[in-house]
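Visitor: Using only what follows, build the 3D model:
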Amino acid sequence: MSSSMENEAVRELQSILVGAGNAVEFLSGLSGLAAAAVSEAAGDEIECAVTLKMSRRPSTAAGSSARAIKLDQMEQALGDGPCILALREMSPVMIDDIARDPRWPSFNQKLAEANVHSSLGVPLEITGDARAALNFFATKPGAFTAEVYGKAVGFAAAARNTLHLSVRINTVQNRAEDLEAALESRTAINLACGVIMGQNRCSQAEAMEILTKVSSNRNRKLRDVAQELVEQLSGSTVQTHFD
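Guide: Model prediction:
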């Protein structure tokens, strides 16, 4: 991929990132853009799915079509294939012709049933524990010529930094949501302890012990028991306010 084409890809990806409400929306846009770019180079329709791995086994994150998502999920279910190998070795892996490639007979059979005859997995290293791969599918054998292969690899290189930013944004959002949930949980527990202290004229430690015992007896989370107690008295849901 030439420098000008790579810059154009980056601009388009950044535009998608700005317009996306979350990482999944961005990855959907990424897979569609990757499929369009590689299809143009191939002169034929190429579908693309995005596989994401973050401190766990790989999973399908998005795709340029429902079929691409289904094909990628099929590979994840089987536990092996070109995309998974590409993620494992962090190097592109291609099936040039499923009829002649002996490495994944079960997966190749599934691809043949779906009228897919060649496939290409291209990895993207995002951070130390987060990786992704573009999983391309073509209906014809030999679809990934040197030019098409180069387009796919070049697009992945252009997408890496933008994808890194998307995952970081999503991680920060998740952490912020987790923190807000934790603070709301602590607020409910503190309020419930205050209620118990007032009703029983006891210390905070004793109130916490009572609340914990109720939680254990009812086999419910401490937070849920506390929220229920406060809501019964106030008639509203406990919320933490941030200035």
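Visitor: Break the chain down into its structural domains.
Guide: 3-174, 180-234 (automatic domain parsing).
Visitor: Could you identify which of these is most buried?
Guide: Mean neighbour count, computed with mean count of other C-beta atoms under 10 Å, is highest for domain 3-174 among these, reaching a mean of 18. The way it works is simple: take the backbone N, C-alpha and C, and place the C-beta from them, glycine included.
Visitor: Look at the nearest residue to Pro92 once chain neighbours are set aside and tell me its secondary structure.
Guide: Of all residues not flanking Pro92 in the chain, Val122 sits nearest, at 4.9 Å (C-beta to C-beta, 6 or more residues apart in numbering). Judged by DSSP: H, G, I helix; E, B strand; the rest coil, the three-state class of Val122 is strand.
Visitor: show me what contacts Val122?
Guide: Residues near Val122 by C-beta atoms under 8 Å, 6 or more residues apart in numbering: Ala86, Pro92, Ala133, Leu134, Phe136, Ala152, Val153, Ala156.
Visitor: what about the first one, helix or strand, and which?
Guide: Same thing as Ala86. helix 82-89 (DSSP states H and E).
Visitor: just the strands in this protein please.
Guide: 46-54, 59-63, 93-95, 118-125, 130-138 (DSSP state E).
Visitor: I'd like to know which elements the first one is packed against.
Guide: Contacts defined by 3 or more C-beta pairs under 8 Å, 6 or more residues apart in numbering; DSSP states H and E place strand 46-54 against helix 23-42, strand 59-63, helix 66-78, helix 82-89, strand 130-138, helix 146-200.
Visitor: Thr51 contacts Phe136, doesn't it?
Guide: No. In this structure Thr51 lies outside contact range of Phe136 using C-beta atoms under 8 Å: 11.4 Å.
Visitor: where do the contact lists of the two overlap?
Guide: In contact with both Thr51 and Phe136: Gly121, using C-beta under 8 Å, 6+ apart.
Visitor: circling back: worst mean pLDDT among the strands of the chain?
Guide: Sorting those by mean pLDDT places strand 59-63 lowest, at a mean of 84.
Visitor: Parallel or antiparallel, which strands does that strand pair with?
Guide: Strand partners for strand 59-63, identified by DSSP bridges, are recorded as strand 46-54 (antiparallel).
Visitor: what angle sits between the strand it pairs with and helix 82-89?
Guide: 40 degrees (axes from the mean of the first three to the mean of the last three C-alpha atoms, to 10 degrees).
Visitor: Report the distance from strand 46-54 to the chain centre.
Guide: Mean-position distance between strand 46-54 and its chain equals 10 Å (C-alpha atoms, centre = their mean, to the nearest Å).
Visitor: send the alpha carbons of that strand over as PDB?
Guide: Output of strand 46-54 as PDB, limited to C-alpha atoms (Å, rounded to 0.1, in the frame of the first residue of the first chain):
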ATOM      1  CA  ILE A  46     -14.000 -10.200  -0.200                       C
ATOM      2  CA  GLU A  47     -15.600 -10.300   3.300                       C
ATOM      3  CA  CYS A  48     -13.800  -9.500   6.500                       C
ATOM      4  CA  ALA A  49     -14.300 -10.200  10.200                       C
ATOM      5  CA  VAL A  50     -12.400  -8.800  13.100                       C
ATOM      6  CA  THR A  51     -11.100 -11.100  15.900                       C
ATOM      7  CA  LEU A  52     -10.200  -9.500  19.200                       C
ATOM      8  CA  LYS A  53      -8.100 -11.100  21.900                       C
ATOM      9  CA  MET A  54      -7.700  -9.400  25.300                       C
END
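Visitor: what's next to that strand, contact-wise?
Guide: Under C-beta under 8 Å, 6+ apart, the answer for strand 46-54 is 27, 30-32, 34-35, 38-39, 58-65, 67-69, 71-72, 76, 83-84, 87, 121, 129-138, 143, 148, 167.
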